[in-house]
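quick one, what's the 3D model for this:
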Amino acid sequence: MTTKDILLVTNYFPPEKGAAANRMESLANALKNAAYHVDVVCPFPNYPSGAVFKDFRGKLYQKTEMEGMVIHRLWVWPSNSSNKVVRLLSMLSFAVSLKLFFLLKKLPKKILIQYSPVFVGFTAVFWSWCFQKRIILNISDLWPLAGLEMGLLKKGFYYSILEKMERFCYRKAHLILGQSEEILQHVAVLEPKKKSFLYRNIPDFSVPEISENDGKSTISLVYAGLLGLAQGVKAICEKITFPEHVTFHIYGSGPEANSIKNASYKQVIYHGEISRAALHSVISCYDMAFIPLTSRIYGSVPSKIFEYTRLGLPVLYFAGGEGGDLVRDHELGWVIPVNNIQELQSFIDSLSFETLQKHPKTAVQESSVSAFQFNKQIEALIQAIEAV
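Numbers count the residues shown, from 1 in each chain. Have a look, this model is predicted:
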């Protein structure tokens, strides 16, 4: 093992789709391009279906090479059940596999750990600490606080255990990566002397050419991503009436996908799930991207902000928090107060082509590319990792 060896521990990785898998793949590739020897340890792919993908079933462990990286896939009992006990058992299954991996494999000096889920992050941090490794903790969500704000958790004995695990992870990390200023502020309250780095979920792909879609008679909104309770897309389809001149297009999968597919919402078109590459090729035909959450989650900045705007789409942001500040500050679109259905309905009713001219596609793309530079961020991150 050398100082240029690093292990990435993550609960999500391709061929899984979604922001978390994309983020970790981009980070792994960036480290590889910086001459690091990258190993990734992750569960067998199962997100968001809650079942191990067909080509990976019936295995306890698999080691493969992918684009110059070594991928270690471990056994997991997957589930996307809404039952809290079942979901907990699923997380614990990967935590057990991860413990065995740490005990049986030779590990590099530096280990970068994706946090959350809490149990996976805690397991990786605990064994990294036991083996005296240098720990880099990448925090994308403030669990258990996020669970409390979404109504998935309640304060009590179980919540206090999760808080203790969270604080242990922060305390033992040598470098904290946070995807938002709010996350870093939260950590600073608990660990004021901890080294930290703002690492936003900026995508890494070439900037496409865009067109303004002149001459159309209707205005089109698009949502692409997980269709779950936190996003609330189904509830929006039920509560919002889309006028004749506005269409709402939905791409993705998740717990609410079948309900949306089988319903007959006026002016709403469900396209199913497509690959990220395919989405990038078709998304320019839409006028505006929609980013909703059912409640304001402290520390959360949806990665869709960076993805959509780099593709040239202004955003209609309906999620609250720091993400709304980014949209306003960089003039990337419109911000509606989170969960204010009445104001969202009013905005959609008043949508016009004149409205779209306030944030033209070319201006949005230029602002996004200028403000959120993947290569610049990675260069700074590599320096921070080198110093750990």
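
CA atoms only: put stretch 265-272 into PDB for me.
C-alpha atoms of stretch 265-272 as PDB (Å, rounded to 0.1, in the frame of the first residue of the first chain):
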ATOM      1  CA  TYR A 265     -53.700  13.300 -14.100                       C
ATOM      2  CA  LYS A 266     -54.600  16.100 -16.600                       C
ATOM      3  CA  GLN A 267     -51.600  17.400 -18.500                       C
ATOM      4  CA  VAL A 268     -49.300  15.000 -16.700                       C
ATOM      5  CA  ILE A 269     -47.200  12.600 -18.700                       C
ATOM      6  CA  TYR A 270     -45.200   9.800 -17.100                       C
ATOM      7  CA  HIS A 271     -42.300   8.500 -19.300                       C
ATOM      8  CA  GLY A 272     -40.900   5.800 -17.000                       C
END
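
buried residues, it. List them.
Buried positions in stretch 265-272, judged by neighbour count with 16 or more other Cβ atoms under 10 Å: 265, 267-268, 270. For every residue, glycine as well, the C-beta is placed using N, CA and C.

any idea which helix or strand comes after the helix or strand of the chain with the lowest mean pLDDT?
Ranking every helix and strand in the chain by mean pLDDT, DSSP states H and E puts helix 145-149 at the bottom, with a mean of 84. The helix or strand immediately downstream of helix 145-149 is helix 157-172, counting by DSSP states H and E.

wait, doesn't Pro43 sit right on Pro78?
Yes: using Cβ atoms under 8 Å, Pro43 is in contact with Pro78, at 7.3 Å.

who has more neighbours, these two?
Pro43 (26 against 19; other Cβ atoms under 10 Å).

excluding chain neighbours, what is closest to that one?
Leaving aside its chain neighbours, Pro43 sits nearest to Val76 (3.7 Å; criterion: Cβ to Cβ, 6 or more residues apart in numbering).

contacts only, for that neighbour.
Contact analysis of Val76 by Cβ atoms under 8 Å, 6 or more residues apart in numbering lists 43-44, 46, 52, 90, 93-94, 97.

so His72: helix, strand or coil?
Under DSSP: H, G, I helix; E, B strand; the rest coil, His72 falls in the strand class.

and the closest residue to it other than its chain neighbours, what is it in contact with?
Excluding its sequence neighbours, the residue lying closest to His72 (Cβ to Cβ, 6+ apart) is Val41, at 4.4 Å. Contact analysis of Val41 by Cβ under 8 Å, 6+ apart lists 7-10, 72, 74, 98, 101.

which stretches of the stretch 101-250 of the chain have low pLDDT?
The stretch 101-250 of the chain contains residues with pLDDT under 70 at 212-215.

which parts of this protein are strands?
Ranges of strands in the chain, per DSSP state E, are 5-9, 37-43, 61-66, 69-74, 110-115, 134-139, 175-178, 196-198, 219-224, 246-251, 268-270, 288-292, 315-318, 333-335.

could I get the ones you listed as CSV with distance to Lys155?
Below are those laid out as CSV (distance: least, Cβ to Cβ, whole Å):
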stretch, distance to Lys155
strand 5-9, 29
strand 37-43, 29
strand 61-66, 38
strand 69-74, 32
strand 110-115, 21
strand 134-139, 21
strand 175-178, 24
strand 196-198, 27
strand 219-224, 32
strand 246-251, 35
strand 268-270, 37
strand 288-292, 27
strand 315-318, 27
strand 333-335, 30
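
re earlier: and the furthest pair within the buried residues of stretch 265-272?
Spanning the widest gap among these are Gln267 and Tyr270, at 11.9 Å by Cβ to Cβ.

and the strands of the chain: which comes nearest Val85?
Short answer: strand 37-43, nearest of the strands of the chain by Cβ to Cβ, at 18.9 Å.

ok, that closest one: who's next to it in the sheet?
strand 5-9 (parallel), strand 69-74 (parallel) (DSSP bridges).

related to what we said a few turns ago, for the residue nearest to His72, give the beta-bridge partners.
Here Val41, judged by DSSP bridges, has bridge partners Val9, His72.

would you mind measuring from it to Glu322?
30 Å (Cβ to Cβ, to the nearest Å).

helices or strands next to the helix ranked longest in the chain in the packing?
When the chain is parsed with DSSP state H, its longest helix is helix 84-104. Applying 3 or more Cβ pairs under 8 Å, 6 or more residues apart in numbering; DSSP states H and E, one finds that helix 84-104 contacts strand 37-43, strand 69-74, helix 118-130.

now the last one: buried residues?
Of the residues in helix 118-130, those with enough neighbours to count as buried (16+ other Cβ under 10 Å) are 118-129.

next, the angle strand 5-9 makes with that helix.
Between helix 118-130 and strand 5-9, the angle comes out at 150 degrees (axes from the mean of the first three to the mean of the last three Cα atoms, to 10 degrees).

ok, the second one next?
Angle between the axes of strand 69-74 and strand 5-9 is 40 degrees (criterion: the same axes, to 10 degrees).

give the buried residues for strand 69-74.
Neighbour-count burial for strand 69-74, counted by 16+ other Cβ under 10 Å, picks out 69, 71-74.

quick one: which of the contacts of Val76 is most hemmed in?
Pro43 leads the contacts of Val76 on contacts (other Cβ under 10 Å) with 26 neighbours.

need the helices and strands packed on helix 84-104 in a markdown table with distance to Lys216, can you?
Formatted as a markdown table, the helices and strands packed on helix 84-104 follow (distance: least, Cβ to Cβ, whole Å):
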| stretch | distance to Lys216 |
| --- | --- |
| strand 37-43 | 42 |
| strand 69-74 | 43 |
| helix 118-130 | 46 |
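
Glu331: which of the ones you listed is closest?
The nearest among the helices and strands packed on helix 84-104, by Cβ to Cβ, is helix 118-130 at 35.6 Å.

can I get the CA coordinates of that closest one in PDB?
The C-alpha coordinates for helix 118-130 follow below in PDB (Å, rounded to 0.1, in the frame of the first residue of the first chain):
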ATOM      1  CA  VAL A 118     -25.900   6.000   9.700                       C
ATOM      2  CA  PHE A 119     -25.300   2.300  10.400                       C
ATOM      3  CA  VAL A 120     -23.100   1.900   7.300                       C
ATOM      4  CA  GLY A 121     -21.200   5.100   8.100                       C
ATOM      5  CA  PHE A 122     -20.700   4.200  11.700                       C
ATOM      6  CA  THR A 123     -19.500   0.700  10.900                       C
ATOM      7  CA  ALA A 124     -17.000   2.000   8.400                       C
ATOM      8  CA  VAL A 125     -15.800   4.800  10.700                       C
ATOM      9  CA  PHE A 126     -15.500   2.400  13.800                       C
ATOM     10  CA  TRP A 127     -13.400  -0.200  12.000                       C
ATOM     11  CA  SER A 128     -11.300   2.500  10.300                       C
ATOM     12  CA  TRP A 129     -10.600   4.000  13.700                       C
ATOM     13  CA  CYS A 130      -9.800   0.600  15.200                       C
END
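
lovely, talk soon.
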